[in-house]
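1. Sequence and predicted structure below; questions after.
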Amino acid sequence: MSAIRSEMNGAALVAAACIGSFLQGWDNATIAGAIVYIKKDLDLQTTVEGLVVAMSLIGATAITTCSGAISDWLGRRPMLIISSLLYFVSGLIMVWSPNVYVLCLARLLDGFAIGLAVTLVPVYISETAPSDIRGMLNTLPQFTGSGGMFLSYCMVFGMSLTPSPSWRLMLGILSIPSLLYFALTIFYLPETPRWLVSKGKMLEAKKVLQRLRGWEDVSGEMALLVEGLGIGGETSIEEYIIGPADEIDDDQEPTAEKDKIKIGSMVNQSVPLMDPLVTLFGSVHEKLPETGGSMLFPNFGSMFSTAEPHAKHEQWDEESLQREGEDYTSEAGGDSDDNFIVH
């Protein structure tokens, strides 16, 4: 039951985050239909017409060059909030735009919003979704983007049937779903646990994980995040136990403003953690012949063996020793017979 609740929580968060991809598809389809009326109304030349359409792509390309570094600094959630605000502001400007210059500016801001959504929504999904359904949920941005394009084409088609279609209204409707996107990013979407752990905010990351997974014990996943980010130095994963900040000794003063990682009880456990590949090849190595060869090429190892000569003769079975003893006796006997000369 808890696993189902965890998957539902993850799917709900992903669906909310994917509104950014929905708005991207919506905008791409809207401009394709609205440009016909924009060209007639503003009397655009072909070059300027192409520039109006391409301004969002120019903005998206420009913002993606630095969105990753900025999101590592500010966080995933603030960048999604900025994206929703840019969608909303650009829609309002496109409704008001009196000339092609203002329209190009609005399209540029819209491109910034698209670039942030395209780069950060998949990152947000990967860092919040449960691992067992993460791959499936990462297909939702493409699905919602296609859904946005379909609904936008339907809207443009419906408005084109009116006596005087308004391209400003076509483009400005973008502000309505962007308001929903903004509200969800502010009041519903949390910051990703991985980013919180990378900044040392362990208690907040633990609370977010408990909310996302639907259960209290998330110490295992917290330990994996700490180990994966490498923020614990040389401490191995079996030494991590995430404990609440209120578990402190009597002789210590409470420091509520600092998040803590309690390192403890697993250190005394004697269960080693081994890589599966190391275990596999270790077991194969143990089954190899003592001559240092390979199971596939038994004579190959002896050609390049660097071991000491006596290493090959450490273990002799009794049969071999007895056989060699007999051979030695016969050889000695033969030599002695040859040495007797009758005069």
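-> Perfect, I can see it now.

2. Can you tell me the element residue 90 falls in?
-> Counting by DSSP states H and E, the element that carries residue 90 is helix 76-96.

3. burial measure for residue 23, as a count.
-> Residue 23: 28 surrounding residues under other Cβ atoms under 10 Å. C-beta coordinates here come from the backbone N, C-alpha and C atoms, glycine included.

4. per-residue confidence at the residue nearest to it when sequence neighbours are not counted?
-> Excluding the flanking residues, the one nearest residue 23 by Cβ to Cβ, 6 or more residues apart in numbering is residue 87, at 5.4 Å. Looking at residue 87, its pLDDT reads 95.

5. ok, now which ones touch residue 87?
-> When contacts are counted by Cβ atoms under 8 Å, 6 or more residues apart in numbering, residue 87 touches 20, 23, 110, 113, 174-175, 178, 181.

6. can you redo those as JSON lines with distance to residue 144, pLDDT and secondary structure?
-> What follows is the contacts of residue 87, written out as JSON lines (distance: Cβ to Cβ, whole Å; pLDDT from 0 to 100; DSSP: H, G, I helix; E, B strand; the rest coil):
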{"residue": "20", "distance to residue 144": "9", "pLDDT": "89", "secondary structure": "helix"}
{"residue": "23", "distance to residue 144": "9", "pLDDT": "93", "secondary structure": "helix"}
{"residue": "110", "distance to residue 144": "17", "pLDDT": "95", "secondary structure": "helix"}
{"residue": "113", "distance to residue 144": "15", "pLDDT": "95", "secondary structure": "helix"}
{"residue": "174", "distance to residue 144": "15", "pLDDT": "91", "secondary structure": "coil"}
{"residue": "175", "distance to residue 144": "18", "pLDDT": "92", "secondary structure": "helix"}
{"residue": "178", "distance to residue 144": "14", "pLDDT": "93", "secondary structure": "helix"}
{"residue": "181", "distance to residue 144": "11", "pLDDT": "93", "secondary structure": "helix"}
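
7. Tell me which two of the residues you listed sit farthest apart.
-> 20 and 175 (14.3 Å; Cβ to Cβ).
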